[in-house]
Each structure stands twice: as structure tokens, then as C-alpha cells.
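From the sequence below, what's the structure:
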Amino acid sequence: MATKRWQSRWRTAQALKSLARARLEIAVLPFARWRGSLGYPAKGGDTLEARLWASHVEWAARLVSAQMKCLPKAMALSRLLRSKRIGHTLVFAVRPSDMRGAADALHAWVELDGEKLIGDLPGPWVETLRLGAQ
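Below is the predicted model:
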């Protein structure tokens with residue numbers, strides 16, 4: 001029991017570290033500097049492990065800020081999955097032009113085999129970029 005609790009805390013700590021890195025990079029580096037570290041083009045992957053990492057990223061994001069944006073969460077999960085060699089896609093999208101007045105006009109999420117692991121926000125969305133597995 002103590003081992004499982006330790007593993008869970010370790011995963012949350014890794015998620016916190018990955019979130020901090022993502023937020024810093026978004027704030028200070030141009031997109032071209034960090035885009036190459038997102039997504040992983042391998043086919044398939046351990047869906048259960050990917051979902052577990054997604055839940056830890058969501059939990060870590062709530063610990064840091066109730067208003068954590070989608071991009072740092074998607075970046076954090078993408079990097080964690082990449083470190084585990086789990087193929088996935090990070091997707092960037094915008095609202096259709098007639099709906100862009102909303103505060104959430106931009107969005108990012110992580111997919112594995114067509115399933116959104118993190119960032120499942122109701123659309124419609126127009127995808128602008130997909131990084132990783134296709």
C-alpha cells in the first residue's frame with residue numbers, strides 16, 4: 001500500500017515538474033524552440049498508462065492553479081508520454097472565425113488512438129497543427 005502511494009506521489013511530482021517547465025517555456029521561448037519536443041510518432045502505446053499520466057497532470061494542474069490553461073497541460077502530458085515512448089499526438093486548434101470572440105478561442109489537447117486524454121473541451125474546433133503520431 002505504501003509503495004502505491006509513493007508511486008502516485010512520484011507521478012504527481014513528475015507532472016508538476018513538467019507543468020513548470022511548460023509554463024516557463026511558453027512564457028520565455030518562441031514556439032519554434034519547443035515544438036520539436038512535443039508529440040511522439042510511434043504507433044499505439046499503453047493507453048492505461050497514458051490515462052494514468054493524464055490524471056496526474058490534471059491533478060498537478062489543480063494543485064498549482066484552478067485556472068491552468070490547456071497548453072501547459074497538453075505540453076506536460078506530451079513530454080511525459082514521450083519519455084515513456086507512448087505514441088500520441090498533440091493537437092492545436094482555434095474556434096471557427098465567427099466564434100473567436102470567446103475567451104477560449106485557442107485550444108490544445110493530447111490524443112492517443114483518437115481518444116482525447118487531456119483537453120476535452122466542447123467544440124467546434126478547427127485544427128491548425130498536429131504534432132506526433134498521425
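
Just the C-alphas of stretch 125-134, formatted as CSV.
Coordinates of each C-alpha in stretch 125-134 appear next as CSV, following Å, rounded to 0.1, in the frame of the first residue of the first chain:
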residue,chain,number,x,y,z
TRP,A,125,-12.6,23.4,-33.3
VAL,A,126,-10.6,23.9,-36.4
GLU,A,127,-7.3,22.0,-36.1
THR,A,128,-4.3,24.0,-37.1
LEU,A,129,-1.4,21.7,-36.2
ARG,A,130,-0.9,18.1,-35.2
LEU,A,131,2.4,17.0,-33.7
GLY,A,132,3.3,13.4,-33.3
ALA,A,133,1.5,10.2,-34.4
GLN,A,134,-0.9,10.6,-37.3
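
buried sites along it?
125, 131-133 (16 or more other C-beta atoms under 10 Å). All C-beta atoms are positioned from the backbone trio N, CA, C, and that covers glycine.

Pipe those into JSON lines and attach secondary structure per row.
Formatted as JSON lines, the buried residues of stretch 125-134 follow (DSSP: H, G, I helix; E, B strand; the rest coil):
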{"residue": "125", "secondary structure": "coil"}
{"residue": "131", "secondary structure": "strand"}
{"residue": "132", "secondary structure": "strand"}
{"residue": "133", "secondary structure": "coil"}
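
of those residues, the lowest pLDDT goes to which?
pLDDT across those is lowest for residue 133, at 71.

what are the ranges of the helices in the chain?
Counting by DSSP state H, the chain has these helices, from start to end: 2-28, 31-34, 47-64, 70-83.

Please identify the most buried of the ones you listed.
Mean neighbours per residue, mean count of other C-beta atoms under 10 Å, is largest over the helices of the chain for helix 70-83, with a mean of 24.

For that one, name the packing helices and strands.
With contacts defined as 3 or more C-beta pairs under 8 Å, 6 or more residues apart in numbering; DSSP states H and E, helix 70-83 has these neighbours: helix 2-28, helix 47-64, strand 89-94, strand 106-112, strand 115-118.

How far away from the center of its chain is it?
From the chain centre to the centre of helix 70-83 is a distance of 4 Å (C-alpha atoms, centre = their mean, to the nearest Å).
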